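**Q** Got a predicted structure here, sequence first:
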Amino acid sequence: MISYEDALRLISSSTKKLHQMTICLSDALGYRLAQEVRADRPYPPYNRAAMDGIAIRFQDYLDGVQNFNIQEVIYAGSASDGVLTHGNCYKIMTGAAVPSSADTIVRNEDLLYVANKASIVHHEKIKSHANIALRGQDLQSGEVVIPYNTYITPSIISLLATLGVTNPVVFRKPKVSVFTTGDEIVGLEESPNEVQIRNSNQYLLTALLAKDGIIPESIRHIKDTEADLYKGFMERMDSDIMLVNGGVSAGDRDLVPTVMKTLGAELLFHHVAIKPGKPLWCGKLPSGCLVFGIPGNPFSCLTTYILFIRSFLNSKPTSSVKFPLACDRIGKSTFDDFFPVQFSEEHKLAPIPINGSGDVRLGLFADGIARHHRANRILKKNDLISFYAF
Ligand SMILES: Nc1nc2c(c(=O)[nH]1)N[C@H]1C(S)=C(S)[C@@H](COP(=O)(O)OP(=O)(O)OC[C@H]3O[C@@H](n4cnc5c(N)ncnc54)[C@H](O)[C@@H]3O)O[C@H]1N2
Ligand code: MOO
């Protein structure tokens, strides 16, 4: 049996290079960038008014000027090439370019306008260089802004739009096939008898994939026979990734590893020293398709997806952040133990009780899972431990 870290290493060394393609920016959500993106010009591109008000020379104010003559009104999108004369100001709108002869903006709230004059009424608010976002203060021209392999979120879409990247180069999304297995599993359209259960993991896996920007190419349920499994997997050999749920532990009908062997799969590992999720199976088919044989218990399915499948999809281990634990915790395993947690009001990780990995509540209302490292039998309240968000 291998460790959590070794399993991650094996998975990351099996990453397949996906083809690149250009895509229309409006369709790019959920893809990964196959390019780095640099700033095409400084941002802001000009000294930008951050408030509606008047633009002045601060020295005029220091020299005692309090009533400024409005020399010109400058709106966003228009440029002025004038030069401020002593005692004058520009009336200026948020987003407009501040002419170089002005260095400070006084907000409308701190002024009284009478005829063509603006008088400062709140002196305590007036500060040199206030309310101007300087050219290049956010980004310098040519600077790398978005690194290679960045996952495209709504805020990345916005940034790409700002930088004028209308057709980003992205990696093709992997073709993912989802299989659930098991004779006891029935579809949601059926009414389960006493010894049957509904196929929740199919919905769990497709929802997790959707969160990671992937819609599976195919979703199927297969009965626990070698022939059915063989046929089902054969039909999807062209996938980049197969997620096969159930049938990977030690029972007579846990046939997934055997059938994968018949199909010529190279075994990367079977069993990882983690709890839950120990029976995880991972191998590579001759077609290059990476197969994850995911343990059937719902919380094992969720945990192994977060730790391994998401790492593979992101080409980097799923990120974790350390937070303090809300209470003492005694480890019950020599494995790395992952348990559901919810943030307390003090931003500590409060464990959610769970009756083992078969508990259908999957740690209801958990924000994610936390790691009880194998090296520590006892964790004390306020110990910093790794948290992985769902
Ligand atoms: N002798 C041993 N038995 C087991 C071991 C072991 O090491 N030695 N490992 C246990 C652990 S840990 C887990 S986890 C499970 C994993 O079993 P499988 O991956 O083979 O999964 P199944 O046996 O098919 O199912 C386990 C459990 O999950 C339910 N299930 C399965 N598929 C679904 C689904 N699509 N939706 C909802 N629930 C599902 C299934 O009904 C079972 O209750 O093995 C232990 N046994
Ligand atoms: O490790 Mo299993 O994955 O306990 O439920």
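**A** Received, thanks. Ligands and ions are numbered 1, 2, ... in the order given.

**Q** got the contact list for the top helix by length along the chain?
**A** Ordering each helix of the chain by length in residues (DSSP state H) puts helix 200-211 first. With Cβ atoms under 8 Å, 6 or more residues apart in numbering as the test, helix 200-211 has contacts from 176, 178, 180, 188, 215-216, 219, 221, 243, 245-246, 294, 296, 298, 301-302, 305-306, 309-310, 360, 362. C-betas here are computed from N, CA, C, even on glycine.

**Q** Next step: the residues you listed restricted to helices.
**A** Among these, the ones falling in helices (DSSP H) are 298, 301-302, 310.

**Q** which of the residues you listed are close to ligand 1?
**A** Subset of the ones in helices among the contacts of helix 200-211 in contact with ligand 1: Pro298, counting by Cβ under 6 Å from any ligand atom.

**Q** would you list the ones in helices among the contacts of helix 200-211 in CSV and tack on neighbour count and pLDDT?
**A** Output for the ones in helices among the contacts of helix 200-211, formatted as CSV (neighbours: other Cβ atoms under 10 Å; pLDDT from 0 to 100):
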residue, neighbour count, pLDDT
Pro298, 20, 97
Cys301, 27, 98
Leu302, 25, 98
Arg310, 20, 96
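
**Q** okay if I get the ones in helices among the contacts of helix 200-211 as JSON lines plus distance to ligand 2?
**A** Shown next, in JSON lines, are those (distance: Cβ to the nearest ligand atom, whole Å):
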{"residue": "Pro298", "distance to ligand 2": "9"}
{"residue": "Cys301", "distance to ligand 2": "8"}
{"residue": "Leu302", "distance to ligand 2": "10"}
{"residue": "Arg310", "distance to ligand 2": "17"}
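
**Q** Check the residue of the stretch 1-150 of the chain found nearest ligand 2 and give its pLDDT.
**A** Closest residue of the stretch 1-150 of the chain to ligand 2, Cβ to the nearest ligand atom: Met1 (11.7 Å). For Met1, the pLDDT comes out at 94.

**Q** can you tell me which residues contact it?
**A** The contact partners of Met1, by Cβ under 8 Å, 6+ apart, come to 271-273, 278.

**Q** Phi, psi for the residue of the stretch 251-390 of the chain at minimum distance from ligand 1 please.
**A** Using Cβ to the nearest ligand atom, the single residue of the stretch 251-390 of the chain nearest to ligand 1 is Gly296, 2.6 Å away. Dihedral angles of Gly296 (phi, psi; degrees, to the nearest 10) stand at phi -70, psi -30.

**Q** Which members of the contacts of helix 200-211 are positioned in strands?
**A** In strands, judged by DSSP state E, the following of the contacts of helix 200-211 are found: 176, 178, 180, 219, 221, 243, 245, 294.

**Q** Weed out the non-buried ones from the contacts of helix 200-211.
**A** Using 16 or more other Cβ atoms under 10 Å as the burial test, the contacts of helix 200-211 include 176, 178, 180, 216, 219, 221, 243, 245-246, 294, 296, 298, 301-302, 305-306, 309-310, 362 as buried.

**Q** So the residue of the stretch 251-390 of the chain closest to ligand 1 sits against Gly247, correct?
**A** Yes. Using Cβ atoms under 8 Å, Gly296 makes contact with Gly247 at a distance of 7.1 Å.

**Q** Now do the shared contacts for those two.
**A** By Cβ under 8 Å, 6+ apart, Gly296 and Gly247 have these common neighbours: 181-182.
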